[in-house]
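Engineer: Everything below, folded, please.
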Amino acid sequence: EKRLTQWFLKITDYAERLLTGLDTLPWREEIKEAQRAWIGKSDGAYLEFPIAGRDEKIKVFTTRPDTIFGATYLVLAPEHPFVTDFLNKRSQTSLVDYVNVTAKKTERERSENKEKTGVKFEGIMAINPATKEEVPIYVADYVLNSYGTGAVMAVPAHDERDREFAKKFNLPIRETELAQWDVIAKMGGEKTTQYRIRDWLVSRQRYWGCPIPIVYDPSGTPHAVPAEHLPWLLPTDVDFKPTSKAPLASSRELQERVTRIFGDGWTPEYDTLDTFVDSSWYFLRYLSPKDVHNFSDAALMKKWLPIRRYSGGSEHNTMHLLYARFFMKALYDLALVPVDEPFTERYNRGLIMGPDGQKMSKSKGNVINPDDFVKKYGADAVRLYLAFIGPYNESRSYPWNLDGVAAMRKFLERIAHLVDRGNVGDSPLSNIEQAL
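Structural biologist: Next up, the predicted model:
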């Protein structure tokens with residue numbers, strides 16, 4: 001992973017509203033569940049484990065504070081500040097090596113890795129605040145610093161991942177009776193809520209997409225481009241050869257534009273916005289696509305919103321749908337739209353499978369190129385086949401029928417023949433049905 005300075009939208013500020021807003025929507029439950037899983041609300045508590053013999057504590061987040069009496073060790077993310085501070089003060093070769101190896105992995109690789117690995121801190125123990133027993137501290141890459149506090153109280157009797165780790169490192173697995181919340185309070189615990197969703201990273205190091213309307217003064221401080229200079233358009237003199245920099249950094253016109261408007265020493269933002277930013281509000285622009293002063297028409301939005309039906313693929317049940325709902329709520333808070341939910345109804349479409357009934361994949365050799373069928377039978381025949389491949393808005397998947405497009409071509413030819421004969425307008429329905 002390469003750490004970059006990038007721009008985010010604070011979608012986490014809307015996490016709870018995005019969840020509660022689902023309750024009144026007449027959507028299928030699988031759609032709502034996909035949204036809830038992506039947001040990932042977890043009710044739990046912060047607990048502090050003192051370090052034995054030292055005036056320090058490690059703060060953990062847990063969704064199961066009631067299992068505190070069964071916590072037999074702690075696990076920290078390799079990036080946890082305690083790990084960094086420990087290594088700055090003393091040397092432990094095994095820990096240094098482990099941290100360096102983990103740094104080369106992505107969070108996805110770490111979360112998907114089924115083999116549990118880790119290193120124990122040498123000469124240091126934590127104290128379980130419930131049992132007052134000393135417990136060892138480990139560093140393991142399955143703990144992510146971006147979730148909770150980056151520290152986990154491990155309860156192997158009640159958690160599968162902790163159990164796998166405990167078995168591998170021969171750590172105690174203690175069955176225990178569950179604690180009550182007011183016990184938690186006496187230990188200084190604090191109720192809290194965590195969300196899996198992260199703020200929306202909207203920076204993209206590529207050319208397509210809207211340029212981010214930010215400029216930097218000579219000291220490097222960012223400033224929003226003033227309204228009188230909007231829209232902030234993409235430059236056209238961009239070199240697309242792969243480099244270590246974003247494509248916009250090669251534009252002479254963009255730099256000259258910034259210098260002309262803001263002065264010497266000012267520089268542009270070279271990242272562009274995630275294309276999901278555009279698709280999160282495009283339906284509002286449809287109401288007034290040529291207005292150069294307003295993003296949409298207030299009267300028409302009041303008449304047409306919320307959109308009665310949004311039909312799309314199930315792959316959009318998370319990000320696109322979530323981003324569009326977030327945009328609408330943010331615009332509603334700014335008093336720019338009349339409703340805070342964009343879609344009344346949401347339907348899923350299924351997938352077009354390969355002729356063998358499996359998901360199309362190059363490795364399986366079952367990918368169908370629609371262009372080949374367009375050349376042979378015409379675009380209208382392909383469109384008609386896809387339109388009638390199954391019941392509309394039924395979230396099933398259908399295999400591509402190699403004879404289906406040919407049948408639609410014959411159907412269209414019969415229609416064309418009727419039109420050529422001039423019989424469509426005045427023929428009884430029975431005659432048309434007989435001709436078809």
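Engineer: drop to CA atoms for contacts and neighbour counts, all remaining ones
Structural biologist: Noted.
Engineer: From K186, how far off is the closest residue to I68 other than its chain neighbours?
Structural biologist: Leaving aside its chain neighbours, I68 sits nearest to A130 (6.6 Å; criterion: Cα to Cα, 6 or more residues apart in numbering). Taken as Cα to Cα, to the nearest Å, the spacing of A130 relative to K186 amounts to 10 Å.
Engineer: neighbour-wise, which of these two wins?
Structural biologist: More crowded of A130 and K186, by other Cα atoms under 10 Å: A130, with 17 against 11.
Engineer: Look up how far G21 lies from the more buried one.
Structural biologist: 39 Å.
Engineer: now do H417
Structural biologist: In this structure, H417 and G21 are 53 Å apart, going by Cα to Cα.
Engineer: okay, the residue nearest to I68: pLDDT?
Structural biologist: The model reports A130 with a pLDDT of 89.
Engineer: just D333 next, same as before
Structural biologist: 98.
Engineer: Please apply the same query to R90.
Structural biologist: Listed pLDDT for R90 reads 85.
Engineer: ditto for T272
Structural biologist: What the model reports as pLDDT for T272 is 96.
Engineer: low pLDDT regions in the stretch 301-436 of the chain?
Structural biologist: Segments of the stretch 301-436 of the chain classed as low confidence (criterion: pLDDT under 70) are 392-393, 422-436.
Engineer: Which parts of it are strands?
Structural biologist: Taking DSSP state E, counting those that start in this stretch as the test, the strands found in the stretch 301-436 of the chain are 307-313, 343-349, 352-353, 398-399.
Engineer: Now distance to Y207 and mean neighbour count too, for those, in JSON lines please.
Structural biologist: Rendered in JSON lines, the data for the strands of the stretch 301-436 of the chain read as follows (distance: least, Cα to Cα, whole Å; neighbours: other Cα atoms under 10 Å):
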{"stretch": "strand 307-313", "distance to Y207": "27", "mean neighbour count": "14"}
{"stretch": "strand 343-349", "distance to Y207": "31", "mean neighbour count": "18"}
{"stretch": "strand 352-353", "distance to Y207": "31", "mean neighbour count": "19"}
{"stretch": "strand 398-399", "distance to Y207": "36", "mean neighbour count": "17"}
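Engineer: quick one: the residue nearest to I68 is in a helix?
Structural biologist: No: remark: A130 does not belong to a helix; assigned using DSSP: H, G, I helix; E, B strand; the rest coil, it is coil.
Engineer: contacting residues around it?
Structural biologist: Neighbouring residues of A130 by Cα atoms under 8 Å, 6 or more residues apart in numbering: 68-69, 187.
Engineer: do you know how far it is from F49?
Structural biologist: Remark: distance between A130 and F49 (Cα to Cα) = 9 Å.
Engineer: got it, and R309?
Structural biologist: Taking Cα to Cα as the measure, R309 and F49 are separated by 51 Å.
Engineer: ok, how many other residues are close to the nearest residue to A77 once chain neighbours are set aside?
Structural biologist: Computed as Cα to Cα, 6+ apart, the closest residue to A77 that is not its neighbour in sequence is V143, at 4.8 Å. Residues within reach of V143, counting by other Cα under 10 Å, total 22.
Engineer: Figure out which of the strands of the stretch 301-436 of the chain is closest to N294.
Structural biologist: Nearest to N294, of all these, is strand 307-313, at 19.7 Å by Cα to Cα.
Engineer: what's next to that closest one, contact-wise?
Structural biologist: In this structure, residues lying in contact with strand 307-313 by Cα under 8 Å, 6+ apart are 342-351, 393.
Engineer: Report the strands that pair with it, each with its relative direction.
Structural biologist: The sheet places strand 307-313 alongside strand 343-349 (parallel), with pairing taken from DSSP bridges.
Engineer: and the partner strand, C-alpha only, in CSV?
Structural biologist: Coordinates of the C-alpha atoms in strand 343-349 are reproduced here as CSV (Å, rounded to 0.1, in the frame of the first residue of the first chain):
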residue,chain,number,x,y,z
PHE,A,343,-35.7,6.5,-4.1
THR,A,344,-39.1,5.2,-3.0
GLU,A,345,-38.7,1.8,-4.6
ARG,A,346,-35.5,-0.1,-5.3
TYR,A,347,-35.4,-3.3,-7.4
ASN,A,348,-32.6,-5.7,-8.2
ARG,A,349,-31.9,-7.1,-11.6
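Engineer: what distance separates it from the centre of its chain?
Structural biologist: Distance of strand 343-349 from its chain centroid, counting by Cα atoms, centre = their mean, to the nearest Å, is 19 Å.
Engineer: and if you look at stretch 152-161?
Structural biologist: Centroid separation between stretch 152-161 and its chain, computed with Cα atoms, centre = their mean, is 27 Å.
Engineer: Can you give me the end-to-end span of it?
Structural biologist: The straight-line separation of the ends of stretch 152-161 (Cα to Cα) is 11 Å.
Engineer: re earlier: okay, and the residue nearest to A77 sits in which element?
Structural biologist: Assessed by DSSP states H and E, V143 sits outside every helix and strand.
Engineer: Would you confirm that it contacts L74?
Structural biologist: No: counting by Cα atoms under 8 Å, V143 sits too far from L74 to count as a contact (10.6 Å).
Engineer: Overlap of the contact sets of those two?
Structural biologist: When contacts are counted by Cα under 8 Å, 6+ apart, the set common to V143 and L74 consists of 151-152.
Engineer: So which bits of the helix ranked longest in the chain are buried?
Structural biologist: The longest helix of the chain (DSSP state H) is helix 404-421. Taking 16 or more other Cα atoms under 10 Å as the neighbour-count basis, helix 404-421 is seen to contain the buried residues 404-406, 408-409, 412, 418.
Engineer: Could you dump these into TSV and include distance to K362?
Structural biologist: Rendered in TSV, the data for these read as follows (distance: Cα to Cα, whole Å):
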residue	distance to K362
G404	22
V405	22
A406	24
M408	27
R409	28
L412	32
L418	42
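Engineer: ok, which stretches of the stretch 1-150 of the chain are strands?
Structural biologist: Using DSSP E, counting those that start in this stretch, strands in the stretch 1-150 of the chain cover 8-9, 41-50, 57-62, 73-76, 119-127, 134-139.
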